[in-house]
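In: give me a 3D structure for the following:
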Amino acid sequence: MALPLPPALSDTIVALSTPPGSGAIAMLRLSGPEAIALTDAVFVGKKLQTQPSHTLHFGTIRDGARILDEVVVSLFKGPNSYTREDVVEISCHGSDYIVEQILTLLTRRGARLAEAGEFTKRAFLHGAFDLAQAEAVADLIAADSALSHQVALQQMRGGFSQELRELRGRLVQFAALLELELDFGEEDVEFADRTGLVKLLNEVQTLVRRLLRSFELGNVIKNGVTTVIAGRPNAGKSTLLNALLNEERAIVSAVAGTTRDLIEDEVSIEGIRFRFVDTAGLRDTADVVESIGVERTRKRVTQAALLIYLFDITSTTPPELEAEIEALNPGRRIPVLAVGNKLDVASDPEIEAFQNQPDVLLIAAARGDGLDELREALLLKVRGEGLDRTGQITIVTNLRHARSLEQTNQALDAVLVGIEAGTGTELLAADLRQALASLGEITGEISSDDLLTSIFTQFCIGK
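Out: A predicted model of the protein is given here:
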């Protein structure tokens, strides 16, 4: 259902919807009640008001007798448009001067420069899609991997919203029965079966908690995984980085302590972005520059989402490995993958010492042996239980959504505790209302101007 438009959103707006800067083509977008009339006033070609929707028209944009450019105008008549208003898109040559001249001409004729995200905000307010879908538009624009694109597209097409609507719908019926009990409070009757309510709440809470667990993975998909490669000098960290990136990104030398500073680069593994950080070898050193590198390594580890602790099989024992990881990552606060290198030159006893060690992977980085297994192990570390190979399940990627789900979960907890304690209907109803409100905030069924402003100002101008 469309929401009432604030007066400012009844204006006709215009913005450049392609990236600024010189290029082959630029596209300016207008939306609002006067979008077609304003364009007709400066466009020489067919009369746009009389043309059918979803058509293209060639002509010129003129300021009086002066031709500014030859353009192609795309016409979308509301409600069959992105914003559900009349929309005109003007494709001109991508000169900064031409764009500026056309924008100036249109604003002089009465259009207003659009604010950040205002086109999508209008689409939301007109009921084209809900708030979660609107936020997915920004995620889709920012998607830089196959998986982030897939998740954003699924959310934009309403997969997540549909699941939330089903959850909310299951709660609304019981909430209505509790409200009915309040209307007949003096008669001491129960319309809502408490046993059935407990069963429903447990089912809904299971789904809410699954969505909450998926946020850890969703955050990884959206923002990537900072993965620090740490270990002693000459363990092969730079060799491993080069092998994972499939390029000579870091200098490799037999001289210990070659890497003095952090070297970072990204690679996508099955749609998940990993930002690998090669670090200085961990050892006590009198070299001032190298000691700074070691300190930076320790600091970078604390900021990592995942730690690859690389060790030399030929010079490390299992007890030493455990002690080194504990010293660097006490209590394993950061997920760690222990990787033994130089499998190609290790003796059988040296290999056998680690073959039965849990969470230890053996590779030969210089030859590329075991790298496929390493990539699989990395994916398992970040995927957890939340993602199948097709990525078709619902995954939460938005912090705002995760916070609302957490509030929903807490409110459902309160209802369950209240039922067990025999709490009165009024308090149960209040907690259930809070759960419904928190779910409604995700899709925008319940929203405030401050919330909408916070969300849409993060969009780019022209979208």
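
In: quickly find the element holding residue 434.
Out: Assigned by DSSP states H and E, residue 434 belongs to helix 425-443.

In: correction: the previous question concerned residue 98.
Out: Per DSSP H and E, residue 98 falls inside helix 96-108.

In: and residue 243, how many neighbours does it have?
Out: A count of nearby residues for residue 243, using other CB atoms under 10 Å, gives 20. Heads up, the C-betas are built off the backbone N, CA and C, glycines and all.

In: if you could redo that for residue 433, that was the one I meant.
Out: 15.

In: state the distance from it to residue 177.
Out: Distance of residue 433 to residue 177, given as CB to CB, to the nearest Å: 13 Å.

In: and if you look at residue 121?
Out: To residue 177, residue 121 is 36 Å away according to CB to CB.

In: who's more crowded, these two?
Out: Between residue 121 and residue 177, residue 121 has the larger neighbour count (other CB under 10 Å), namely 23 against 17.

In: ok, residues contacting stretch 116-130?
Out: The contact list for stretch 116-130 (CB atoms under 8 Å, 6 or more residues apart in numbering) reads 1-3, 5, 9, 13, 15, 17, 29, 31, 79, 82-85, 131, 134, 137-138, 156, 158, 161, 443-445, 452, 455-463.

In: so for residue 386, what's the pLDDT?
Out: Note on residue 386: pLDDT of 45.

In: alpha carbons of stretch 126-138, as PDB, please.
Out: Extracted in PDB, the C-alpha atoms of stretch 126-138 (Å, rounded to 0.1, in the frame of the first residue of the first chain):
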ATOM      1  CA  HIS A 126       4.400   4.700  -3.600                       C
ATOM      2  CA  GLY A 127       4.400   1.000  -2.600                       C
ATOM      3  CA  ALA A 128       6.600  -0.300  -5.500                       C
ATOM      4  CA  PHE A 129       8.500  -2.400  -2.900                       C
ATOM      5  CA  ASP A 130       9.100  -2.600   0.800                       C
ATOM      6  CA  LEU A 131      12.000  -1.100   2.700                       C
ATOM      7  CA  ALA A 132      14.100  -4.300   2.800                       C
ATOM      8  CA  GLN A 133      13.800  -4.500  -1.000                       C
ATOM      9  CA  ALA A 134      14.700  -0.800  -1.300                       C
ATOM     10  CA  GLU A 135      17.900  -1.300   0.700                       C
ATOM     11  CA  ALA A 136      18.700  -4.300  -1.500                       C
ATOM     12  CA  VAL A 137      18.900  -1.900  -4.500                       C
ATOM     13  CA  ALA A 138      21.900  -0.200  -2.900                       C
END
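
In: now do the same contact list for residue 196.
Out: residue 174.

In: just the buried residues of the longest strand along the chain, please?
Out: In the chain, with assignment by DSSP state E, the single longest strand is strand 66-76. By 16 or more other CB atoms under 10 Å, the buried positions in strand 66-76 come out as 68-69, 71, 73, 75-76.

In: just give me the closest of the residues you listed to residue 54.
Out: When the buried residues of strand 66-76 are ranked by distance to residue 54 (CB to CB), residue 76 comes first, at 6.1 Å.

In: how far away is that closest one from residue 213?
Out: Distance from residue 76 to residue 213, by CB to CB: 41 Å.

In: against which helices or strands is the host helix or strand of residue 308 packed?
Out: For residue 308, the host element (DSSP H and E) is strand 306-312. Packing partners of strand 306-312 (3 or more CB pairs under 8 Å, 6 or more residues apart in numbering; DSSP states H and E): strand 225-230, helix 237-245, helix 318-328, strand 336-341, helix 371-383.

In: what lies in contact with the third one?
Out: Counting by CB under 8 Å, 6+ apart, the neighbours of helix 318-328 from elsewhere in the structure are 230-232, 282, 298, 301, 307, 309, 311, 316, 332, 336, 338, 353-354, 357, 360.

In: out of those residues, which are buried?
Out: The neighbour-count criterion (16+ other CB under 10 Å) marks 230-232, 282, 301, 307, 309, 311, 316, 336, 338, 353-354, 360 among these as buried.

In: where exactly do the strands run in this protein?
Out: Using DSSP E, strands in the chain cover 13-16, 23-31, 43-44, 55-63, 66-76, 87-94, 112-113, 225-230, 263-269, 272-278, 306-312, 336-341, 360-362.

In: these: lowest mean pLDDT?
Out: strand 263-269 (a mean of 81).

In: that one to helix 371-383, inter-axis angle?
Out: 90 degrees (axes from the mean of the first three to the mean of the last three CA atoms, to 10 degrees).
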